[in-house]
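[1] Turn this into a structure:
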Amino acid sequence: VQLQESGPGLVKPSQTLHLTCTVSGGSITTDHGYWSWVRQPPGKDLEWMGAIESSGSVYYNPSLKSRTSISRDTSKNQITLRLSSVIPEDTAVYYCAVAQTLEVVTRTEGYWGQGTQVTVSS
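    Numbering: from 1, shown residues only. From the prediction side, this is the model:
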């Protein structure tokens, strides 16, 4: 399975961040596992943001739930992330991953994209 994140590298404060994860070599609807978004701010640990299961069920990190929305486009085999009202502290490398563990925060588990840098700045 291969995952590729895409989206803007720079977002202004208060705007909404949109990221897309394109999956190849696997199916987001039939491959059992949790398709997650994980981020790593500079100098900090990986933070699990949320996931969508192959069944379509969605799970969120409670600390980010009010600003986060995860969905999918089954026709394109893509997972999407929306993070609203961004602040400079949302600056991070954003990863998509698929694993058997819901709150995956270990890059040695499952499959991960290469990550995409997002900077929040005016």
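[2] From now on I want contacts and neighbour counts done on CA atoms only, so please keep to that.
    Fine.
[3] nearest spatial neighbour of the residue lying farthest from the centre of the chain, skipping sequence neighbours?
    For the chain, the residue at maximal distance from the C-alpha centroid (Cα atoms, centre = their mean) is residue 122, at 22.9 Å. Of all residues not flanking residue 122 in the chain, residue 12 sits nearest, at 5.0 Å (Cα to Cα, 6 or more residues apart in numbering).
[4] residue contacts, the one you found?
    Under the criterion of Cα atoms under 8 Å, 6 or more residues apart in numbering, the contact partners of residue 12 comprise 86, 120-122.
[5] Just the buried residues of these.
    Taking 16 or more other Cα atoms under 10 Å as the criterion, what is buried in these is 86, 120.
[6] among the contacts of residue 12, which are in strands?
    Assignment to strands by DSSP state E places the following of the contacts of residue 12 there: residue 120.
[7] Dump the contacts of residue 12 to CSV, plus pLDDT and distance to residue 4.
    Shown next, in CSV, are those (pLDDT from 0 to 100; distance: Cα to Cα, whole Å):
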residue, pLDDT, distance to residue 4
86, 98, 22
120, 98, 21
121, 97, 24
122, 95, 27
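[8] can the contacts of residue 12 go into a markdown table with extra columns for distance to residue 95?
    As requested, these are arranged in a markdown table below (distance: Cα to Cα, whole Å):
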| residue | distance to residue 95 |
| --- | --- |
| 86 | 17 |
| 120 | 16 |
| 121 | 20 |
| 122 | 23 |
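[9] Show me the residue at the heart of this structure, geometrically.
    The central residue of the chain, meaning the one whose C-alpha is nearest the mean C-alpha position (Cα atoms, centre = their mean), is residue 37 at 2.2 Å.
[10] For my notes, confirm it occurs in a strand.
    Yes - counting by DSSP: H, G, I helix; E, B strand; the rest coil, residue 37 is located in a strand.
[11] Would you quantify the distance from the nearest residue to it once chain neighbours are set aside to residue 14?
    For residue 37, ignoring the flanking residues on the chain, the nearest one in space by Cα to Cα, 6+ apart is residue 96 at 4.6 Å. As defined by Cα to Cα, to the nearest Å, residue 96 lies at a distance of 23 Å from residue 14.
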